[in-house]
Structure formats: structure tokens, C-alpha cells
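Q: generate coordinates for the sequence data below:
(one chain, ligands or ions: 1)
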Amino acid sequence: MTAKLDPSVRDLLLPDARNWLDRPPLSPFIDGAFRAARSEHRLPVVDPGSGVTMTEYVTASSEDVADAVRAARAAFDDGRWSELDPEAREARLRYLAGLLDRDSEAVAQLESLDTGKPLAEARLDIAEAVAVLRYYAGWATKIEGAVIPAPRRLLATGTREALGVCAAITPWNYPLPILMYKLAPALAFGNTFVAKPSEQAPLSTVYFAQLCAEAGIPDGVVNVLPGGGATGATLTSAPGIDKIAFTGSTRTGQAVMRAAADTLTKVTLELGGKSPQLVFADADWDAAIKGVMDGIWTNAGQICVAGSRLIIDRGIHDEFVTELVRRTRQLTIGHGLAPGTHMGPLVSAAQRGRVNRMVAHAVAEGAEAHDGPTPPEGNGFFTAPAVLTNVAPGTQIERDEVFGPVLTVVPFDTEDDAVRLANNSCYGLAAGVWSTANATVHRVARRLRAGIVWANSYGIFHPSLPFGGVKSSGFGRELGFAGVEHYTELKTTVIDLGPGPAN
Ligand code: NAD
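A: Reported below is the predicted structural model:
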């Protein structure tokens, strides 16, 4: 199918990105090859910046799911990957990372087109994916076991073994980094893999499958199943999977966990958030305003760690909000590939409708909306960023994840008050604290119920920093040593050395 992108956008694409859109519909990648379609069910890949269908893909059928799991199982069981010397796995993964790096600009263009995010943000995503792959490639040769203290006549050792077949179900907002948080540690330790990308942004994950083949990752080690919720549900309940790593909404995470209970499959869940940013009166204003803006306007607020609740000292509330709104109005909203775009569209018309309804409801409940810049006209799914003041605690907009460019502002009077407001959420993914007093930062950070707290900064990710949530934001950690723990299992071996010589 020929992409119907506007020529002015299409002309910006590198040949690799253009060819990827022009190729026959994307299809499942199973046992080392793209598979002829078994399902007639096709879904469009839409450019959120223009509303046009760029290409389409064949969704994986339940037979495809079974075949992918079978291929991954066979690849694990015969040791073609898990029994390789760690040096060989490391080298192969580093080579794969090099191929992704080589194609990074084309993949960033595809990611920007698929998700709507500005190209500059998509470039950072691909760089992060490469970095995570390289980080875990290094772990392949560094992992160690333990000698376990035991009674004298026993020699007990613990070795870290691969789990087997690992599956990943990923969301649309950061497709490649989130895939890599799961795939890189899984492969580094010898597991095999089945990935189901989001139906809303499958392009980069399917592209990555092609790179796995080019890198000589053995057939069956990486399998990719494009498809929607039904494909995800089939995968979650498929027998033969040893671990499912899910990132997405809390509601879908609950469904995944229920299904995993039937097969007693290990699960880690990275779910939604409603993260607070606490700004104290002594904060560095310039840094705090920039941090608050980056925390909520990045990817048009469609980010799990969006700092969507500004909790601010009442004494600086008015002045801070005035400056925040002034700077927000200077942002350029536009197509992700257009030079100078700070904020792209929302991912779909449905998501834009939901965000706009939530803002209208908040205003009806008494909030005051300070609108941002005017979105461009046309068929893209744009919306204006909104700062909402006079937000009553406990109202829908203050409670529920919006997943859009909407910031609520609530004043606090005391430190206790600030911590209470921040923790008053069913979520606990991330938080930001802005204060130039080290004691305030440490005291407050310690009291916040969140998986990660950024102080005088926001949204810093690095392959070595464990990431994940508490409460309804899920459980399990990704990145850093957590990736080693979640993709290996300790095996204890006990040798009875006997009583030894009598004397
Ligand atoms: P979603 O839950 O709608 O979809 C996520 C994935 O689950 C998709 O691949 C989808 O096809 C699949 N899915 C849908 N129904 C399923 C089912 N019944 N069984 C198995 N799989 C199913 O989420 P989304 O809209 O793609 O992403 C946005 C959400 O993801 C937000 O809530 C956001 O906070 C969250 N998120 C969390 C993190 C994190 O690390 N905590 C990161 C990014 C996004």
C-alpha cells in the first residue's frame, strides 16, 4: 500500500523510512522471518500529525501467537542462544545495537510519524534504546553467582539461570525504549523473546525485528506479533511462557495479571501515573519552571511519569503560574517532523476527545483554565496545553491519569501539607521535589510514596537507574541490576561433602 503522507512530510524522510512505509503490510515476525498473513484482519498505521493512514499491518492471529511461543520455546530448549558463551551473546547484542545506531535517524523518523512526537524527542528515544541494549550486553559477561553459607559438610552454590521464554506487551508512547528495558536483559542472560507492540505504534518494533535477523540473532530467539488488545490477551494466556513484562495502563495491567494467575506466569507491571511536582518557595525558579514544563509538555503529556500535578507553596503560587503560562504560550505546536515543533499532536482522535472532555469537566467543576498556544488547523489530533488552577483536591482531573498536556496546580501551606497532597493518589510512579535546601529535599523525598523521586531535576532516565512504581503504578523494577534479577532465577546446588576424615 502506498503511503498517503503529504509530499512535504514524505520528502523529509530518509529512504529507509520511506521504504519501510511503502513495503507490503507489516506482518508477524516468527522464527526468523516475516510470515505470510494468516489473518485477514488489518489495522491502519496513522500519522497523528495529519490524520492520514501511512500504511497498514496484518494483526497476529491466535495461531501466530501459538507459533511464536513455540518458536521461542524451541530456540530456548535447544540452547542455540542460552548455551552460547556469554562473550558470543555480548558480541551479538553489541552488533545489534550498532545496527540500530546505524539506522537511528530513519527509525527516529518512523517513531515520530507513528507517535506524533517531535523528531528531537524521537531521536532521544532511539539513543536510549541503543544505550540500554549496550548496557545489558555488557552484563552478559559480568553476571556472577554466589557461594551460600551452609553447614560445613555442604557446599551450596547459587547460579543465575535464564528463565526461558519471556513475553513483552508494550504501549505506544515510548515503543523502542520500553521494548529494550525488557528485551535487552532477557536476551543478555539467554532467554528467548516474544514481543507484542502497541497497535497504535508498531513501526519501530517491527523494524527492529528485521535488524535482529540482520544481526544474526538465531531464528526463534526474537519474535514480534503486531496486533491489538486481543493479540495481547491471547499472548498473556498462552501456555509455555515463563515471564510476562507489561507496560501500559493500570486497567490492562490488571487484566494481564488475572490471566497470568491461571498459568502461574511471573509478571512485572509498569502502569499509569499521576505524578506530583513539589515546588518550595526557596526553589531555583528558572530550573523549576523548566523542569515542570519538561515534566508535563514532553510528548504532549503522554508519558507515564508526566509531572501532571504541580503542588506549590502558596506564597509563590500566583507569580510562578503567571511565568509558567507565559513560557508555555511560547511553545510551538506542530507536526512531529516539522522543524521547530516543541509539542506534537495526541496519538489519536479518541485520545484528544478524552483529554478535551476531562478539561471541560474540570472547568465545570470550578477549575480555571489558562490556555496555551493555539494548535494548528488541519486533520492532525492537536490540542492546546492547559494549566488548571483552582483545582479542588479529589476532583476527577486531580485524581485520574489524563495522558495529555494538562497540568493541575494546587497550593500548599506547610511541608506536611505538601507531602499529604502528593501522596493522596492511588498511583505512585514518580515525583519531583524542587528546593535549594538539601534537608528539605531529603526529608520530603523520603516521605513520598513513589518508585522514583527526582530532586531539582525531572525525568532523568539511565540504563543503570532502576525504574518502576508502587501502588496502582505497578510492581517490579526495570533497568539497572533489577533487570538482572527479573530475567534470571537463582538455582541452588547443594553438594554433600561427607563427614570428612575422622580427625
Ligand atoms: P494500554 O494499556 O491501552 O495498552 C498497552 C498494551 O497492552 C498495548 O500493546 C495493547 O495492545 C495491550 N493490551 C490491550 N488490552 C490487552 C489485554 N486485555 N491483554 C493484554 N494486552 C492488552 O496502554 P497505552 O494506551 O498503549 O499506553 C498508555 C498507558 O501506559 C498509560 O496509562 C501510561 O501511564 C502507561 N505507561 C506506563 C509506563 C511505565 O513505565 N509505568 C510507561 C509508558 C506508559
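
Q: name the residues that touch stretch 64-83?
A: 28, 30-31, 35, 38-39, 60, 89, 162, 164-165, 167, 187, 190-194, 217-221, 223, 225, 231, 234-235, 238-241 (C-beta atoms under 8 Å, 6 or more residues apart in numbering). Just so you know, the C-beta spots here come from the backbone N, C-alpha and C atoms, and that holds for glycine as well.

Q: where helices are concerned, which of the residues you listed count?
A: Under the assignment DSSP state H, those contribute 89, 187, 231, 234-235 to helices.

Q: most widely separated two among those?
A: Greatest spacing in those, by C-beta to C-beta: 89 and 234 (29.4 Å).

Q: how about the closest residue to residue 395 other than its chain neighbours, what does it touch?
A: Closest residue to residue 395 apart from its sequence neighbours, by C-beta to C-beta, 6 or more residues apart in numbering: residue 365 at 5.0 Å. By C-beta under 8 Å, 6+ apart, residue 365 lies in contact with 392, 395-397.

Q: before we move on, what about residue 429?
A: Going by C-beta under 8 Å, 6+ apart, the list of residues near residue 429 reads 271-275, 304-305, 450-452, 468-470, 473-474.

Q: would you say residue 449 is within a helix?
A: No. Residue 449 is assigned coil when assessed by DSSP: H, G, I helix; E, B strand; the rest coil, not a helix.

Q: for the closest residue to the ligand within the chain, the count of nearby residues, please.
A: Scanning the chain for the residue nearest the ligand gives residue 232, at 2.3 Å (criterion: C-beta to the nearest ligand atom). Neighbours of residue 232 under the rule other C-beta atoms under 10 Å: 27.

Q: what are the phi and psi values at the most centrally placed residue in the chain?
A: A centroid search over the chain (C-alpha atoms, centre = their mean) returns residue 178, at 3.8 Å, as the residue closest to the centre. Backbone geometry at residue 178, expressed as degrees, to the nearest 10, gives phi -70, psi -40.

Q: got a list of what residue 494 touches?
A: Per C-beta under 8 Å, 6+ apart, neighbours of residue 494: 150, 154-156.

Q: using the three-state scheme, assign it.
A: Three-state call for residue 494 (three-state DSSP): strand.

Q: distance of it from residue 162?
A: According to C-beta to C-beta, to the nearest Å, residue 494 stands 21 Å off from residue 162.

Q: around the closest residue to residue 198 other than its chain neighbours, how many other residues sit close by?
A: In this structure, residue 198 finds its nearest non-sequential neighbour in residue 172, 3.7 Å apart by C-beta to C-beta, 6+ apart. Residues near residue 172, counting by other C-beta under 10 Å, number 21.

Q: quick check: residue 172 touching residue 117?
A: No. Taking contacts as C-beta atoms under 8 Å, residue 172 lies outside contact range of residue 117: 10.4 Å.

Q: follow-up on the earlier one: and the contacts of residue 494, which are buried?
A: Neighbour counting with 16 or more other C-beta atoms under 10 Å marks none of those as buried.

Q: now for those residues, which pair is the farthest apart?
A: Longest distance between any two of the contacts of residue 494 is 7.5 Å, between 150 and 155; criterion C-beta to C-beta.

Q: who's in contact with residue 255?
A: Applying C-beta under 8 Å, 6+ apart to residue 255 gives the contacts 233, 236.

Q: in three-state terms, label it for me.
A: Under the three-state scheme (three-state DSSP), residue 255 adopts helix.

Q: residue 152: neighbour count?
A: 8.

Q: per-residue confidence at it?
A: Looking at residue 152, its pLDDT reads 90.

Q: got the residues of the chain near the ligand?
A: Near the ligand, the residues belonging to the chain are 169-174, 178, 196, 198-199, 228-229, 232-233, 236, 247-249, 252, 255-256, 270-273, 304, 401, 403, 429, 469 when assessed by C-beta under 6 Å from any ligand atom.

Q: those, buried ones only, as a PyMOL selection?
A: To isolate in PyMOL the members of those that are buried, counting by 16+ other C-beta under 10 Å, one can use:
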select buried, resi 169+170+171+172+173+174+178+196+198+199+228+232+233+236+247+248+252+255+256+270+271+272+273+304+401+403+429+469
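
Q: just the residues of the chain next to the ligand: which are in strands?
A: 169, 196, 247, 270 (DSSP state E).

Q: now the two most distant members of the residues you listed.
A: 196 and 270 (14.8 Å).

Q: let me see the contact set for the residue nearest to the centre of the chain.
A: Counting by C-beta under 8 Å, 6+ apart, residue 178 touches 170-171, 247, 270.

Q: read off the pLDDT value for it.
A: You'll see residue 178 listed with a pLDDT of 98.

Q: returning to that earlier point: what residues are up against the residue of the chain closest to the ligand?
A: 169, 196, 252, 256.

Q: now tabulate those in TSV and tack on pLDDT.
A: Listed next are those as TSV, based on pLDDT from 0 to 100:
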residue	pLDDT
169	98
196	98
252	98
256	98
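
Q: among these, which one sits closest to residue 420?
A: Nearest to residue 420 among the contacts of residue 232: residue 252, at 30.0 Å, using C-beta to C-beta.

Q: so how far is residue 427 from that closest one?
A: 15 Å.

Q: for residue 308, same thing?
A: 10 Å.

Q: list the contacts of the helix or strand bottoming out on mean pLDDT in the chain.
A: Sorting the helices and strands of the chain by mean pLDDT, DSSP states H and E puts helix 7-10 at the bottom, at a mean of 88. Contact with helix 7-10 is made by 3, 18, 47, 49-50, 113, 335, 337, as judged by C-beta under 8 Å, 6+ apart.

Q: residue contacts, residue 379?
A: Residue 379 makes contact with 50-52, according to C-beta under 8 Å, 6+ apart.

Q: where's it, which helix or strand?
A: For residue 379, there is no host helix or strand (DSSP states H and E).

Q: for it, grab phi and psi.
A: According to degrees, to the nearest 10, residue 379 has phi -100, psi 10.
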